[in-house]
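>>> need a structure here:
(chains A and B)
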Amino acid sequence: MAKSIDISDLNIYYGDFLAVEGVTMTIPARSVTALIGPSGCGKSTFLRTLNRMHEVIPGARVEGKVSVDGQSLYDAAVDPVEVRRMVGMVFQRPNPFPTMSIYENVLAGLRLNNKRLSRSDADATVERALQGANLWNEVKDRLNKPGMGLSGGQQQRLCIARAIAVEPQVLLMDEPCSALDPISTSAIEDLIHELKSDYTIVIVTHNMQQAARVSEDTAFFNLAGAGKPGRLIEMNPTKKIFSVPDEEATEAYISGRFG
Amino acid sequence: MSTTPTETGSPKRRLGDLVFANLTRAAGLTILVTLAGVALFLTIQGIPGLTAGPADLKGHANFLGYVAPLVFGTLLAAVIALLIALPLAIGVALSVSHYAPRSVSIVIGYLVDLLAAVPSVVYGLWGIGFLGPRLVPVYQWLADHLGFIPFFSGPASNTGRTIMTASIVLAIMVLPIITAISREIFVQTPRLNEEAALALGATRWEMIRLAVLPYARSGIVSAAMLGLGRALGETMAVAMVLSASGIVTWDLISNTNPSTIAANIALTFADATGVQRNALIASGLVLFVITFAVNFGARSVVARYETGSPR
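Prediction:
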């Protein structure tokens, strides 16, 4: 189910403004890849091009190639809707659908894909997804309560359950813990460890300890200055990045000398 | 009246605050006083009308028999207008908020607002002179082919001045307010929720169904109720368009139509004398109560939705 992602010479524009320039990298399957870098360096923008969510913003476009397991995401024949069903996403702030119950939230994506769903299949999917998101034991007795009634950390795990319920090939996480307290953060990090056996995970984080804890590989993005495009400076195994990075800039960022 | 104790520790009361607080309080009270004044006037002036005899009630035995067909016509016209206007308004609002390119949506929004600025007399003229005659063949066709449905049993009007035409005109008149309120709410849909839907692989319409409409539900209800309130009270256009005979019928396309309270008052008040006037004012009181009930109904619906989905 998990697939690797190949990106080559990717330029990302907002209108005429070049936001991210010349990214080439390979994101391995069944592994966690962390994207780190200072604010505004384009790591979230880059993440969004992996499921074409950047297209939500008028004027945003890309040049270059992104392919998941050999299938290019930007072929003229490819529907962004299909891409997003294959590449799931978890956002910075938990965003369960406010009017839906926990149960319906988990099924929201599935109901889009496949309108007819037998009650037993639906129940099984909900349990599997919530188990997968380490939330089942906390909510199994109140599946019909609104998703907004959960704590922030639980809501975020509900969103992860919603994303994995459709069995995507890749899971993108855009600073998934930045709105959470340390205990919830730790729960999500544990979850990421478990999920990587089934999914290719790409996570944007501002927390370097988190990148060090959860990821196999780390990509460092940086920009030369305000108004300049963001670039991929270095991508290496996380252990190497946090001990002997190839680039001076990476070293400086990680050791806290700037950014 | 401003005897609320000030917090200990801040003994100094600023003059500006005091003046502004009392000004706003006075503004708020004005609303209450006006409303109470209207209700009082309608009640006092209306009471003699409640006991009026057939001579003053166009042959109806009592006030109830007089006002019931008017209430029926008022509700029928307003409800049909709402049935036409609501889907249209939601469609326009959605296209402005989520479909049309920015430049187009600004123009559409402006044009819809402009509809609200057209005086109702003009709508009335348009209904009589333009819309009505053009609907005659439609009514003829409906009577011929769908006559088995009570709404279209005919015989079809040959002037087009039917309750259906009046309702269509009303629908256009309430369209701007429903559209404006719905649009306001649609654009406020949290981006987070929209992105949640899109990231799951929702198409634009699916995103609207998953994120926008649930969020806007209570707002749509209040918009519809405001529109209904306006349709209930609209006078001039209906008075001009409708060829009313004060009967109760479900037939929407014939020459004999129920009148509405507001139109009936407008058309007969000038010639009415004595108790006849009191009866008309009493019918106004009935309209007042209906509009009030609609508004309270809307509030309770909105309140229920809001408690059902904590934000």
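>>> residue contacts, the closest residue to residue B:203 other than its chain neighbours?
Closest residue to residue B:203 apart from its sequence neighbours, by Cβ to Cβ, 6 or more residues apart in numbering or on different chains: residue A:81 at 5.4 Å. The C-beta positions use only the backbone N, C-alpha and C, and glycine is treated the same way. Taking Cβ atoms under 8 Å, 6 or more residues apart in numbering or on different chains, we find residue A:81 in contact with B:201, B:202, B:203.
>>> In which helix or strand does residue A:81 reside?
helix A:80-86 (DSSP states H and E).
>>> which residues touch the helix or strand that that helix is followed by?
Proceeding N to C from helix A:80-86, the next assigned helix or strand is strand A:87-90, under DSSP H and E. Defining contact as Cβ under 8 Å, 6+ apart, one finds that strand A:87-90 is touched by A:50-51, A:53, A:68, A:73, A:109, A:156, A:159-160, A:163-164, A:166, A:168-174, A:176, B:199-200.
>>> Next step: those residues restricted to strands.
Applying DSSP state E to these, the entries found in strands are A:68, A:170, A:171, A:172, A:173, A:174.
>>> from the residues you listed, which single one is nearest chain B?
residue A:172 (8.3 Å; Cβ to the nearest Cβ).
>>> Against residue A:164, how distant is the closest residue to the closest one other than its chain neighbours?
Spatial nearest neighbour of residue A:172, chain neighbours left out: residue A:89 (4.5 Å); criterion: Cβ to Cβ, 6+ apart. Per Cβ to Cβ, to the nearest Å, residue A:89 is found 11 Å from residue A:164.
>>> So what's the residue count around the residue of the stretch 151-300 of chain B found nearest chain A?
Distances between the stretch 151-300 of chain B and chain A by Cβ to the nearest Cβ are smallest at residue B:201, namely 3.3 Å. Neighbour count for residue B:201, taken as other Cβ atoms under 10 Å in any protein chain shown: 24.
>>> Ok, residue B:258 next?
25.
>>> which SS class is the nearest residue to it once chain neighbours are set aside?
Nearest non-adjacent residue to residue B:258, counting by Cβ to Cβ, 6+ apart: residue B:73, 3.1 Å away. Here residue B:73 is recorded as helix under DSSP: H, G, I helix; E, B strand; the rest coil.
>>> Residue B:73 and residue B:167 touch, don't they?
No: in this structure, residue B:73 is not within contact of residue B:167 by Cβ atoms under 8 Å, at 10.5 Å.
>>> and the gap between the residue nearest to residue A:172 and residue B:199?
Residue A:89 is 4 Å from residue B:199, by Cβ to Cβ.
>>> Pick out whichever of those two has more residues nearby.
Using other Cβ under 10 Å, the more surrounded residue of residue A:89 and residue B:199 is residue B:199, with 29 against 25.
>>> Look at the residue of the stretch 51-200 of chain A at minimum distance from chain B and say how many residues are nearby.
Among the residues of the stretch 51-200 of chain A, residue A:85 lies closest to chain B, at 3.3 Å counting by Cβ to the nearest Cβ. Other residues lying near residue A:85 total 21 when counted by other Cβ under 10 Å.
>>> For residue B:199, see how far away it is.
Taking Cβ to Cβ, one finds residue A:85 at 10 Å from residue B:199.
>>> Return the residues in contact with residue B:201.
A:81, A:82, A:83, A:84, A:85, A:109, A:112, A:113, A:166.
>>> now with 6 Å?
Listed by Cβ atoms under 6 Å, 6 or more residues apart in numbering or on different chains, the contact partners of residue B:201 are A:81, A:84, A:85, A:112.
>>> Repeat that for residue A:189.
Here residue A:189 is in contact with A:213, A:214 (Cβ under 6 Å, 6+ apart).
>>> Mind pulling up the pLDDT for it?
pLDDT for residue A:189: 92.
>>> Helix, strand or coil: sort out it for me.
Classified using three-state DSSP, residue A:189 is helix.
>>> Low-confidence bits of the chain, can you list those?
You didn't say which chain, so I picked chain A. For chain A, the stretches with pLDDT under 70 are A:1, A:115, A:258-259.
>>> could you do chain B instead?
For chain B (pLDDT under 70), the answer is B:1-11, B:305-311.
>>> all helices of the stretch 1-150 of chain B, in order?
B:15-50, B:63-94, B:102-117, B:120-126, B:132-145 (DSSP state H, counting those that start in this stretch).
>>> again, but for the stretch 51-200 of chain A
Using DSSP H, counting those that start in this stretch, helices in the stretch 51-200 of chain A cover A:80-86, A:102-113, A:119-132, A:136-139, A:152-165, A:182-195.
>>> Contact partners for residue 136?
As the question left the chain open, I've gone with chain A. By Cβ under 6 Å, 6+ apart, the neighbours of residue A:136 are residue A:130.
>>> To clarify, I was referring to chain B.
Counted by Cβ under 6 Å, 6+ apart, residue B:136 has contacts residue B:160.
>>> Mind doing that once more with 8 Å?
B:156, B:157, B:158, B:159, B:160.
>>> Equivalent analysis for residue A:93, please.
A:179, B:192.
>>> So which of the helices of the stretch 1-150 of chain B is the most surrounded?
Ranked by mean neighbour count under mean count of other Cβ atoms under 10 Å in any protein chain shown, the helices of the stretch 1-150 of chain B are led by helix B:63-94, which reaches a mean of 21.
>>> Run the chain-centre distance for that one.
Relative to its chain's centre, helix B:63-94 lies at 7 Å (Cα atoms, centre = their mean, to the nearest Å).
>>> Then stretch A:250-259?
For stretch A:250-259, the distance to the chain centre is 24 Å (Cα atoms, centre = their mean).
>>> Chain B contacts on the stretch 51-200 of chain A?
Within the stretch 51-200 of chain A, the positions near chain B by Cβ under 8 Å from any Cβ of the partner chain are A:51, A:53, A:56, A:58, A:81-85, A:88-89, A:91, A:93, A:95-100, A:108-109, A:112-113, A:146, A:148-149, A:159, A:162-163, A:166.
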